[in-house]
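Trainee: Pasting a predicted model and its sequence here:
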Amino acid sequence: MASRDPVADLRRIAFHLERANEATYRVRAFRSAAATVAALPADELAARVAAGTLSELSGVGDVTARCIAESLAGEEPVYLRRVASTAGTDLTAAAAELRDALRGDCHSHTDASDGGSPIEEMALAAVELGHEYLVITDHSPTLKVANGLSPARLRRQLDQVARLNDALPDGFRILTGIEVDILEDGSLDQEDELLARLDVVVGSVHSKLRDESPRMTRRMLAAIANPHLDILGHMTGRKVPASGEGDKGHRAGRTRPPSTFDLPKVLAAVVEHGKAIEINSRPDRLDPPKRMLTVAVEAGCLFSIDTDAHAPGQLDWLGNGCERAALCGVPAERVVNTWPLDRLLEWTAGHK
């Protein structure tokens, strides 16, 4: 495939960002990278792409380096596709419309694991927000640091949810669930019999996040193929400063780089098995990164916009995920928590 002009692609991205009145620092990142690349001999640029050393250049960060590499490979940069696809769209209105379409939240934690409030407080907060349901997804046994639920404790929680549902307002329902650890071999960290009883199963990687790409890819593919898994939670495991994403990396706050894996293979498996990718709305996660989210949209994936809330007030974070979804062109009809409850449960039951 013939290469594209990376300088032109970087400048085109900057143009779209300027037209959308994005922050000056974000525009400057792409214009600075374009100036740096324009001054480089073509052979040096190709050598740096091959060696993975583009981001060592002044004015080039990880995001712009990725755009340059994609352009030289003859591919329209993912970032350019994203900003071009939403050009002229009122993203604030689109995000608000998507938020209004959400009927519930498929990822939340209580004080049974590492959350701060009991189930009933989380449920009542969800009612106040206008939700039709809230999925309780406390952690599984292996994640001891988060007080993950043993099979016996999870069974008791299921009984508790049944009792609470009898007392909650009409039109609202607590759904049973779990954020189950994806273990190193790709298996899920809970008994199959219990997983089969749950309404929604979110599966996430919490350990060995820096595994080599082939190993992480095998791990994720095995989990996605598991009939009990419904939603792939915070798929890269990254941590970002709550203020959002940068280009050169993150220097302040608690940060963690994204895991590496074969993204096309993982997305193809998600589509093949009819699973969903979570758009995690936590300000310190915002996972997956926008470039991956755009690729997932193009691959035909389903999505679930969730808060991963650990306290009642955090249930109001759905807007963060909706903004990212609108920015990346996620269709509302492919967001599973916009579906009527009976359709959502039919979808999850169809995986078992």
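Mentor: Thanks, I have it.
Trainee: Wait, Ala38 touches Val7, no?
Mentor: Yes. Here Ala38 lies in contact with Val7, judged by CB atoms under 8 Å, at a distance of 4.9 Å. Every residue, glycine included, has its C-beta placed from N, CA and C.
Trainee: Between those two, tell me which one has more neighbours.
Mentor: Val7 (19 against 14; other CB atoms under 10 Å).
Trainee: Now do the contacts for the more buried one.
Mentor: Ala34, Val37, Ala38 (CB atoms under 8 Å, 6 or more residues apart in numbering).
Trainee: same thing with Tyr133?
Mentor: Neighbour list for Tyr133: Arg103, Gly104, Ala126, Phe172, Arg173, Ile174, Leu175, Leu341 [criterion: CB under 8 Å, 6+ apart].
Trainee: What's opposite it in the beta bridge?
Mentor: When bridges are called by DSSP bridges, Tyr133 pairs up with Gly104, Arg173.
Trainee: Check the gap between it and Leu293 for me.
Mentor: Here the distance between Tyr133 and Leu293 works out to 24 Å (CB to CB, to the nearest Å).
Trainee: Give me the helix or strand of the protein that scores worst on average pLDDT.
Mentor: Within the chain, confidence by mean pLDDT, DSSP states H and E is lowest for helix 78-85 among all helices and strands, at a mean of 86.
Trainee: Run the chain-centre distance for that one.
Mentor: Relative to the chain's own centre, helix 78-85 is displaced by 18 Å; criterion: CA atoms, centre = their mean, to the nearest Å.
Trainee: do the same with stretch 274-291
Mentor: Its chain's C-alpha centre lies 1 Å from the corresponding centre of stretch 274-291 when counted by CA atoms, centre = their mean.
Trainee: In a helix, Thr176, correct?
Mentor: No. Looking at Thr176 with DSSP: H, G, I helix; E, B strand; the rest coil, it is strand, so not inside a helix.
Trainee: What segments of this protein are helices?
Mentor: Assignment of helices within the chain using DSSP state H yields the ranges 6-19, 24-38, 42-51, 62-72, 78-85, 91-101, 119-128, 151-167, 192-197, 213-225, 263-272, 290-299, 318-327, 341-349.
Trainee: Save these as CSV, and put in distance to Asp181 too.
Mentor: Rendered in CSV, the data for the helices of the chain read as follows (distance: least, CB to CB, whole Å):
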stretch, distance to Asp181
helix 6-19, 38
helix 24-38, 35
helix 42-51, 36
helix 62-72, 28
helix 78-85, 29
helix 91-101, 30
helix 119-128, 21
helix 151-167, 13
helix 192-197, 12
helix 213-225, 10
helix 263-272, 17
helix 290-299, 21
helix 318-327, 22
helix 341-349, 19
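Trainee: Pull out the buried positions in the least confident helix or strand of the chain.
Mentor: Taking 16 or more other CB atoms under 10 Å as the neighbour-count basis, helix 78-85 is seen to contain the buried residues Val78, Tyr79, Leu80, Arg81, Arg82, Val83, Ser85.
Trainee: Which of the residues in stretch 224-239 are classified as buried?
Mentor: 224, 226, 228-239.
Trainee: Out of the residues you listed, the closest to Gly203 would be?
Mentor: Nearest to Gly203, judged by CB to CB, of these is Leu229 at 4.4 Å.
Trainee: burial count for the closest residue to the closest one other than its chain neighbours?
Mentor: With CB to CB, 6 or more residues apart in numbering as the measure, Gly203 is the residue that lies nearest to Leu229, at 4.4 Å, once sequence neighbours are left out. One way to gauge burial is a neighbour count; for Gly203, by other CB under 10 Å, it gives 29.
Trainee: Now do the contacts for Gly203.
Mentor: Contacts were defined as CB under 8 Å, 6+ apart; by that measure Gly203 touches Glu179, Val180, Asp181, Ile182, Leu188, Ala223, Asn226, Leu229, Ile231, Leu232, Gly233.
Trainee: Who is the third one paired with across the strands?
Mentor: This points to Asp181. With DSSP bridges as the rule, Asp181 is bridged to Ser204.
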